[in-house]
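**Q** sequence? don't have it. structure:
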């Protein structure tokens, strides 16, 4: 199995998932069900996590498809550019959904702006994701080819063309900007490290609280710091996407990067435990944390150090750069 | 320069630089990044709390973060020394390196001073955070942001042996 297979496996999640989550969200709004609202926000958040490997595996599929007989380069590029926009809106929807869950845990309400913002963003996301998916379907489905982009530049049918070598690919779109501007890559790297530090600071403190080192703090107090961790995570997702858009080939051929992405999804799901569940929320200053909280806190620290390890090893174990 | 060349070419530095083992340069770099995230991250949390991101909560318990921050610092002091020895002529010839070290030493001084003044203050948690404490917090944020920025730029400015994106 390669990343192109993975793209085929997961590429329907953002489209179908957004439709399901939006449907659930609309039912929740109409029925004014708090549980359904929380459930739909969780689904939006998880879909936003799954969208990350969907986008990244798509670049691997692009490398394998480019130059093949009967495959339109223009259609691939149109799909990729639409996907970049779709990822942006999907991640925004995920972050605002997470904020809704976080706020509900603190105040037992979602706030005035959160739910309308999720509704607006998810509707836009559904449109953009649907458009990207439609363009993606056109790459290898000539039977649905209509007019314009998909039909525009179908590669002439020559016998058994080889896929272009990864290093020969042009990044295109925002990727050109990332690699074309000399200051862009170092700036993104610096922000990536700032985001990592923010995230690690919060994870470290929560871990120390759960393991009893910083016991004289209630979890409700620590909960207030979680948005800083999510801000760090968001900075890293966005800068990571920019690295990827600039030099996708060096990542898609790197198995360490694939591990890193899998671990990021697990760490995202781990964050939900501390964001919304009762088990930790009720911990007062001086209370001993339950075993599950200790396990989840330790696994969060382990996951983030493993992610950091994979990131550091990209040039050495996987041959990036 | 001869001295720096001697450091750079001693057997250990050569092993760090040239060994294909993951335990050589890659592991020191990973540990250095981990230490950085603990020091900068732990400090940032203390700073943000002092700047009012944690209202109506006791701040004193956060002093327990200090041992973890010092562990991160010593990891970085050791791994940083090893990485410096492996690339002594380039690093010590770079103005950016001295800028980074300036931020690091200033950051450590600020952290130490914050513990001696802010956390040792018996009136901490008895009222609003003092103006001085907030100034220290801003100074700390600036120092660690500066250290991270100057550290990353080491791959791009001054005598550089090559870095991703640097030649694009």
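**A** Cool, the structure landed. If you're wondering where the values come from, they're calculated on a predicted model, not measured in any experiment.
**Q** Show me how far the host helix or strand of residue A:303 is from its chain's centre.
**A** If you go by DSSP states H and E, residue A:303 is part of helix A:291-313. Remark: helix A:291-313 is offset 18 Å from the chain centroid, using Cα atoms, centre = their mean, to the nearest Å.
**Q** so what secondary structure elements neighbour that helix?
**A** Other helices and strands packing on helix A:291-313, by 3 or more Cβ pairs under 8 Å, 6 or more residues apart in numbering or on different chains; DSSP states H and E, are helix A:184-210, helix A:255-276, helix A:278-281, helix B:25-48. Heads up, the C-betas are built off the backbone N, CA and C, glycines and all.
**Q** Next, format those as a markdown table and append mean neighbour count.
**A** What follows is the helices and strands packed on helix A:291-313, written out as a markdown table (neighbours: other Cβ atoms under 10 Å in any protein chain shown):
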| stretch | mean neighbour count |
| --- | --- |
| helix A:184-210 | 24 |
| helix A:255-276 | 19 |
| helix A:278-281 | 15 |
| helix B:25-48 | 23 |
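**Q** show me where pLDDT drops low in the chain?
**A** In the absence of a named chain, chain A is used. A:1, A:140-172, A:318-321 (pLDDT under 70).
**Q** actually chain B
**A** For chain B, the ranges with pLDDT under 70 are B:1, B:160-168.
**Q** repeat that with 90
**A** B:1-5, B:20, B:53-58, B:123-125, B:127, B:155-168 (pLDDT under 90).
**Q** tell me the contacts of residue B:104?
**A** If you count contacts by Cβ atoms under 8 Å, 6 or more residues apart in numbering or on different chains, residue B:104 has them with B:143, B:147.
**Q** May I see the buried residues of the strand or helix carrying it?
**A** Using DSSP H and E, residue B:104 sits in helix B:95-114. Buried residues in helix B:95-114, counted by 16 or more other Cβ atoms under 10 Å in any protein chain shown: B:96-97, B:99-101, B:103-104, B:106-108, B:110-111, B:114.
**Q** With respect to chain A, which of those residues is nearest?
**A** residue B:96 (11.1 Å; Cβ to the nearest Cβ).
**Q** Would you format the helices and strands packed on helix A:291-313 as a markdown table with distance to residue B:146 included?
**A** Listed next are the helices and strands packed on helix A:291-313 as a markdown table, based on distance: least, Cβ to Cβ, whole Å:
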| stretch | distance to residue B:146 |
| --- | --- |
| helix A:184-210 | 10 |
| helix A:255-276 | 28 |
| helix A:278-281 | 35 |
| helix B:25-48 | 10 |
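**Q** Which one of the ones you listed lies nearest to residue A:87?
**A** Closest to residue A:87 of the helices and strands packed on helix A:291-313 is helix A:255-276 (Cβ to Cβ; 13.1 Å).
**Q** what packs against that closest one?
**A** Using 3+ Cβ pairs under 8 Å, 6+ apart, helix A:255-276 sits against helix A:34-65, helix A:73-107, helix A:226-246, helix A:291-313.
**Q** wouldn't residue A:191 be in contact with residue A:239 here?
**A** Yes: using Cβ atoms under 8 Å, residue A:191 is in contact with residue A:239, at 5.0 Å.
**Q** Enumerate every residue touching the residue nearest in space to the middle of chain A.
**A** Closest to where the C-alpha atoms of chain A average out (Cα atoms, centre = their mean) is residue A:52, at 3.4 Å. Neighbouring residues of residue A:52 by Cβ under 8 Å, 6+ apart: A:87, A:91, A:237, A:261, A:264-265.
**Q** how close does it sit to residue B:20?
**A** Residue A:52 is 31 Å from residue B:20, where distance means Cβ to Cβ, to the nearest Å.
**Q** State the distance from residue A:53 to residue B:139.
**A** Counting by Cβ to Cβ, the gap from residue A:53 to residue B:139 is 40 Å.
**Q** If you count surrounding residues, which of these two has more?
**A** residue A:53 (21 against 18; other Cβ atoms under 10 Å in any protein chain shown).
**Q** could you pull out the helices for chain B?
**A** Ranges of helices in chain B, per DSSP state H, are B:2-8, B:11-18, B:25-48, B:65-86, B:88-91, B:95-114, B:131-153.
**Q** Not counting sequence-adjacent ones, nearest residue to the residue of the stretch 201-321 of chain A found nearest chain B?
**A** Among all residues of the stretch 201-321 of chain A, residue A:201 sits closest to chain B, at 2.9 Å; criterion: Cβ to the nearest Cβ. Once flanking residues are discounted, residue A:201 sits nearest to residue B:41: 2.9 Å by Cβ to Cβ, 6 or more residues apart in numbering or on different chains.
**Q** go on, residue A:205?
**A** Closest to residue A:205 by Cβ to Cβ, 6+ apart is residue B:45, at 5.6 Å.
**Q** and that neighbour, what does it touch?
**A** Residues near residue B:45 by Cβ under 8 Å, 6+ apart: A:201-202, A:204-205, A:225, A:228, B:62, B:65.
**Q** For residue A:229, see how far away it is.
**A** Distance from residue B:45 to residue A:229, by Cβ to Cβ: 10 Å.
**Q** So which bits of the stretch 101-250 of chain A are right by chain B?
**A** A:179-180, A:182, A:184-186, A:189-190, A:193-194, A:196-205, A:208, A:213-218, A:221, A:224-225, A:228, A:246-247 (Cβ under 8 Å from any Cβ of the partner chain).
**Q** count of residues packed around the nearest residue to residue A:12 once chain neighbours are set aside?
**A** In space, and not counting its chain neighbours, residue A:12 is closest to residue A:133: 7.7 Å by Cβ to Cβ, 6+ apart. Residue A:133 has 20 neighbouring residues, counting by other Cβ under 10 Å.
**Q** so how far is residue B:61 from residue A:133?
**A** Counting by Cβ to Cβ - residue A:133 and residue B:61 are separated by 49 Å.
**Q** Figure out the length between the terminal residues of stretch B:114-122.
**A** 13 Å (Cα to Cα, to the nearest Å).
**Q** circling back: got a markdown table for the contacts of residue B:45, with distance to residue B:79 too?
**A** Listed next are the contacts of residue B:45 as a markdown table, based on distance: Cβ to Cβ, whole Å:
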| residue | distance to residue B:79 |
| --- | --- |
| A:201 | 19 |
| A:202 | 23 |
| A:204 | 18 |
| A:205 | 23 |
| A:225 | 28 |
| A:228 | 26 |
| B:62 | 26 |
| B:65 | 21 |
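**Q** for those residues, which one is nearest residue A:278?
**A** Among the contacts of residue B:45, and counting by Cβ to Cβ, the member closest to residue A:278 is residue A:225, at 18.9 Å.
**Q** what sits against the nearest residue to that closest one once chain neighbours are set aside?
**A** The shortest distance from residue A:225 to any non-neighbouring residue, by Cβ to Cβ, 6+ apart, is to residue A:202 (5.2 Å). Contacts for residue A:202 were tallied using Cβ under 8 Å, 6+ apart; they are A:222, A:225-226, A:228-229, A:232, B:41, B:45.
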